[in-house]
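S.K.: give me a 3D structure for the following:
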Amino acid sequence: MVKRLFDILISLFGLIISSPITIPTMIAIWLQDFHHPFYIAARVGKDGKLFKMVKLRSMVVGADKTGVDSTSSADSRITAVGRFVRRYKLDELSQLWNVLKGDMSLVGPRPQVARDAALYTKVEQGLLRVRPGITDISSIVFADEGEILKDSRDPDLDYNQLIRPWKSRLGLFYIEKQSFLLDIQLIWWTAMAVLSRSRSLSGINKILVKLDADKQVIEVAKREKVLTPFPPPGADDIIKQR
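M.R.: Numbering: from 1, shown residues only. Predicted coordinates:
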């Protein structure tokens with residue numbers, strides 16, 4: 001109840017104070033190709049129910065019909081204005097509307113497209129027990145997702161092998177440890193990441209250590225080492241069943 005009330009108050013306030021940024025950005029997106037400045041994306045929400053997520057459009061019209069869900073920083077589908085929008089996470093501001101409606105929360109595991117959610121192991125399906133969020137631990141740790149996939153020949157495959165296993169573990173860890181205080185901390189470190197990614201990662205590391213996260217998860221979350229393919233949580237159960 002407290003979390004929902006907080007979501008409503010902050011999202012309403014956020015929509016109002018961000019309008020001097022959002023409105024000019026909308027105009028810039030529209031002037032670039034004279035198409036709608038918003039991208040309405042179908043995402044999997046709480047209990048596996050689909051909802052329409054609102055984002056400021058950062059890609060060419062019809063980009064979602066190419067069959068590629070993961071996006072690298074070098075993706076040719078990203079527009080000139082879109083690169084600016086993505087760089088400063090401006091496309092996330094409009095998702096405050098989804099928070100206000102109750103589709104999302106300020107903090108929670110990031111919502112996935114249906115194709116990605118369909119790949120979830122039984123353990124990963126636990127991510128669907130809560131409302132998806134605008135930010136969470138993995139949003140900070142993998143804020144450079146586009147750079148990770150920059151030279152990838154198959155962004156979706158690399159995402160599922162390099163990033164998804166850890167995003168899922170961090171998301172499940174958040175659900176296990178979630179609290180109002182943790183939400184406030186994650187919102188703070190999300191904002192801080194715009195100014196200093198290193199300080200933000202350091203803050204996340206302290207949170208993970210304090211809350212007794214798995215040592216391997218803590219090491220990966222530092223982002224000091226090259227990511228290598230790793231199975232998602234619950235993959236061992238699938239192998240055993242075979």
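S.K.: give me the neighbour count for the spatially closest residue to residue 225 that is not a sequence neighbour.
M.R.: Distance criterion CB to CB, 6 or more residues apart in numbering; nearest residue to residue 225, sequence neighbours excluded, is residue 219 at 7.2 Å. No exception for glycine: its C-beta is placed from N, CA and C like everyone else's. Residue 219 is flanked by 13 other residues according to other CB atoms under 10 Å.
S.K.: equivalent analysis for residue 168, please.
M.R.: Neighbour count of residue 168, defined by other CB under 10 Å: 23.
S.K.: quick check: chain neighbours aside, which residue is closest to it?
M.R.: Closest to residue 168 by CB to CB, 6+ apart is residue 124, at 4.8 Å.
S.K.: ok, that neighbour to residue 40 distance?
M.R.: According to CB to CB, to the nearest Å, residue 124 stands 25 Å off from residue 40.
S.K.: ok, the spatially most central residue of the chain - contacts?
M.R.: What sits nearest the mean C-alpha location of the chain, by CA atoms, centre = their mean, is residue 110, with 4.0 Å. Counting by CB atoms under 8 Å, 6 or more residues apart in numbering, residue 110 makes contact with 132, 133, 136, 138, 139, 167, 171.
S.K.: looking at the residues you listed, which are in strands?
M.R.: Judged by DSSP state E, the contacts of residue 110 include residue 133 as members of strands.
S.K.: so which of the contacts of residue 110 belong to helices?
M.R.: 138, 139, 167, 171 (DSSP state H).
S.K.: looking at those residues, spot the one nearest residue 30.
M.R.: Taking CB to CB as the measure, residue 139 is the one of the ones in helices among the contacts of residue 110 closest to residue 30, at 27.2 Å.
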